[in-house]
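Participant: Here is my input, please return the structure:
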Amino acid sequence: MSLQAQLEQLLQPLSAEYLEILNESSGHGGYFPGKESHFKVTVVSPVFEGLGLVKRHQKVYALVGDLLAPAKIHALAIHAYTPQEWTGERPDSPACAHAPKTENS
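Facilitator: Residues are numbered from 1 along each chain as shown. Okay, the predicted model is just below:
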């Protein structure tokens, strides 16, 4: 099972109203087709009601922590919202300093 599919499965206890998992590995150094090392998770859940940002991230880490290990997920960006906070937009990820260079870079 892919790391992305494992993330999706492990996040099910959050009862997300919206869950988006993006594999952003191609924008980072050492990328090759099929690599899974950098992910961005956007999750909207009532579980986050009354919780600050740190507590929300701790809930996510508690569910997926075993995947955050060498040879698995190197980086996980988390955007966690309550249903009332969710505007339908998530922030863009910054460019990686070690991203593969293109002809225009």
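Participant: do you know how far residue 10 is from residue 50?
Facilitator: Distance, residue 10 to residue 50, using CB to CB, to the nearest Å: 23 Å. Where you see a C-beta, it was placed from the backbone N, CA and C, and this is true even at glycine.
Participant: So for those two, which sits in the more crowded spot?
Facilitator: Legend: neighbour count by other CB atoms under 10 Å for residue 10 and residue 50, higher for residue 10 (16 against 7).
Participant: how close does that one sit to residue 89?
Facilitator: On the measure of CB to CB, residue 10 and residue 89 end up 25 Å apart.
Participant: what does residue 40 give?
Facilitator: As judged by CB to CB, residue 40 and residue 89 stand 13 Å apart.
Participant: distance between the longest helix seen in the chain and the chain's centre?
Facilitator: The longest helix of the chain (DSSP state H) is helix 53-64. Computed by CA atoms, centre = their mean, to the nearest Å, the chain-centroid distance of helix 53-64 equals 11 Å.
Participant: Restricting to C-alpha, output the helix or strand that comes right after it in PDB.
Facilitator: Per DSSP states H and E, the first helix or strand lying C-terminal to helix 53-64 is strand 75-81. Extracted in PDB, the C-alpha atoms of strand 75-81 (Å, rounded to 0.1, in the frame of the first residue of the first chain):
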ATOM      1  CA  ALA A  75       8.200  15.900   5.700                       C
ATOM      2  CA  LEU A  76       4.500  16.400   6.500                       C
ATOM      3  CA  ALA A  77       2.800  19.800   6.200                       C
ATOM      4  CA  ILE A  78      -0.500  19.900   8.100                       C
ATOM      5  CA  HIS A  79      -3.300  22.300   7.500                       C
ATOM      6  CA  ALA A  80      -6.000  21.500  10.100                       C
ATOM      7  CA  TYR A  81      -9.300  23.400  10.200                       C
END
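Participant: With that, I have no additional questions.
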